[in-house]
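1. With the sequence up front, the predicted model follows.
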Amino acid sequence: MMNDIFKGYKGKALEILKKYNIRVWSEATIKTTRGDFKGIVLPRSENDDDLHIVLKLDNGYNIGIATNTIKQIKEFGYKEAHYKIPEKEFPTSEDKPNIKLFGTGGTIASRLDYRTGAVIPAFSPGELYGAVPELADICNLTTEKLFAVFSENMGPHQYKTLAVAIGEAISQGIEGIVIGHGTDTMHHTASALSFMVQNTPVPIVMVGSQRSSDRPSSDAALNLIHAVKTASESDIAEVLVCMFGPTSDEYGLLHRGTRVRKMHSSYRSTFRTIGDIPLAMVDRNKITPLQQNYNHRRKDTQVNILPYFEQKVSLIYYYPNMQPDIIDSLVDNGYRGIVIAGTGLGHVNKPLYPAIKRACQKNVAIYMTVQTLWGYTHMFVYDTGRDLMSNGVIPADNMLPEVAYIKLGWALGQTEDLDEVKKIMLTPVIDEITEREPYNGYLVFQGGVPEIEQFLKKIHK
């Protein structure tokens, strides 16, 4: 019973709660040396420290209050919270498209388990309808949970399994695919599916959330609405990433799977198209194309599934004074491919040259990208680049480093013939290599600069 009253608390924090006779779920005012705070005392994660008491404020945010700052706690009420998402039967209609949602472990709609600190996803159609009832106005939804992993644990096995499952769903007549995915490596999976699922007749839309559903600023519900609308109504039959456009909730952006990257650790508008512009904007009411160069939706169920991947491939971010044993160790451990994110136009230091040459002589495929992200490798401009090419390094044009890594794994999964690998690598599948980057495909706003400040004031007053 004592453990139920003080769920998860221990040590100094538990002493403080006992001293003032405060239970978990108490509505309390906590006086501290840093001011007074009012809210609900929450349970603690079992793995958290014993030096803080967690309080949910009236605005919905949680704060941790250091025990050494607490002067007094007074209870004025008790309000045990239940974070269960209501479940209702998902209504269906013959006049709405049939959409399939695959789950990989991302938290599109969720509740928070304060005992463990885990975010528990809602996933069944009934749970999703209870959390986001607007979905029923858009489509008939079915779901299939393929994995329950954090996105950093997604890898070749998951890529291949997901590609095969998508192929099966399309062959059965599904009119659009949505994939719930953690945001950290969503762009890796998007590029993998772009290569493994080709000539799709329907949209394949990846979606996630930067902030879980228990937070007032969560982007989960709106991202899901945008993704489902895209899968149901969009004419773009490609692998897409659908996430917030601006930091506000005005609209989402649809990014091509081979030209998208996560660019901020916490902003809701974290995903950006690199070296191009997004394919479209989406809001609750409409989808607005920004490009006309895309594969269009078809009514057939034909799709090419190519679920190949060689795991012994590495991506190296070059840095000054990198030592040759980095390359040697990869070769010694049986790696068959290396992608280098080089400086400038595609450069590394001279001490690496012998190791690179040895690797290429042992039939290790080495491709060069640029760590600037925007722009192309131009390895013929300086001696450094020409020397690297003479040692066997192949420039990968304007492929993003992560995309080149995924594509090289996919290519090596199909053949050991390095000439064939080169042909696969340098033949664009879906704009991972482009002939040019548009002038507005490279925009980095710099706050404080007069013209940018003036522009921002016009757009967001």
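-> Nice, I can see it.
2. if I pick the closest residue to Q172 other than its chain neighbours, what's in contact with it?
-> Distances taken as Cβ to Cβ, 6 or more residues apart in numbering place T301 nearest to Q172, at 7.5 Å, with adjacent residues excluded. Heads up, the C-betas are built off the backbone N, CA and C, glycines and all. With contacts defined as Cβ atoms under 8 Å, 6 or more residues apart in numbering, the neighbours of T301 are 170-173, 201.
3. Would you mind listing which of those residues are buried?
-> Among the contacts of T301, those classed as buried by 16 or more other Cβ atoms under 10 Å are 170, 201.
4. For my notes, confirm the residue nearest to Q172 occurs in a helix.
-> No: applying DSSP: H, G, I helix; E, B strand; the rest coil, one finds T301 to be coil, outside a helix.
5. which residues in the stretch 101-250 of the chain form helices?
-> 125-131, 156-171, 186-196, 220-233 (DSSP state H, counting those that start in this stretch).
6. ugh, wrong one, the stretch 251-400 of the chain
-> Assigned by DSSP H, counting those that start in this stretch, the helices in the stretch 251-400 of the chain fall at 325-332, 353-361, 383-390.
7. The last one vs helix 353-361, what angle?
-> Between helix 383-390 and helix 353-361, the angle comes out at 30 degrees (axes from the mean of the first three to the mean of the last three Cα atoms, to 10 degrees).
8. What residues sit buried inside helix 383-390?
-> Across helix 383-390, burial judged by 16+ other Cβ under 10 Å covers 384-385, 387-389.
9. Please apply the same query to stretch 236-250.
-> Residues 236-245, 249 are the ones in stretch 236-250 that count as buried (16+ other Cβ under 10 Å).
10. show me where pLDDT drops low in the stretch 51-200 of the chain?
-> Where the stretch 51-200 of the chain drops to pLDDT under 70, the residues are 80-87, 106-125.
11. swap the cut-off to 90 and go again
-> 56-63, 78-92, 103-133, 143-151, 182 (pLDDT under 90).
12. residue ranges for the strands of it, please.
-> Using DSSP state E, counting those that start in this stretch, the strands of the stretch 51-200 of the chain run over 52-57, 62-66, 70-78, 98-103, 109-113, 118-122, 140-145, 176-180, 197-198.
13. Nearest to M263 among those strands would be which one?
-> strand 176-180 (20.2 Å; Cβ to Cβ).
14. Extract the C-alpha set from the closest one and format it as PDB.
-> The C-alpha atoms that make up strand 176-180 are tabulated as PDB, following Å, rounded to 0.1, in the frame of the first residue of the first chain:
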ATOM      1  CA  GLY A 176      -3.000   4.300 -49.600                       C
ATOM      2  CA  ILE A 177      -0.300   3.300 -47.000                       C
ATOM      3  CA  VAL A 178       0.600   5.200 -43.800                       C
ATOM      4  CA  ILE A 179       3.600   4.200 -41.700                       C
ATOM      5  CA  GLY A 180       3.900   5.300 -38.100                       C
END
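15. Need the strands of the stretch 51-200 of the chain in JSON lines (columns: distance to G334 and mean neighbour count).
-> Shown next, in JSON lines, are the strands of the stretch 51-200 of the chain (distance: least, Cβ to Cβ, whole Å; neighbours: other Cβ atoms under 10 Å):
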{"stretch": "strand 52-57", "distance to G334": "47", "mean neighbour count": "20"}
{"stretch": "strand 62-66", "distance to G334": "46", "mean neighbour count": "16"}
{"stretch": "strand 70-78", "distance to G334": "56", "mean neighbour count": "14"}
{"stretch": "strand 98-103", "distance to G334": "32", "mean neighbour count": "23"}
{"stretch": "strand 109-113", "distance to G334": "40", "mean neighbour count": "20"}
{"stretch": "strand 118-122", "distance to G334": "37", "mean neighbour count": "19"}
{"stretch": "strand 140-145", "distance to G334": "34", "mean neighbour count": "17"}
{"stretch": "strand 176-180", "distance to G334": "32", "mean neighbour count": "27"}
{"stretch": "strand 197-198", "distance to G334": "29", "mean neighbour count": "21"}
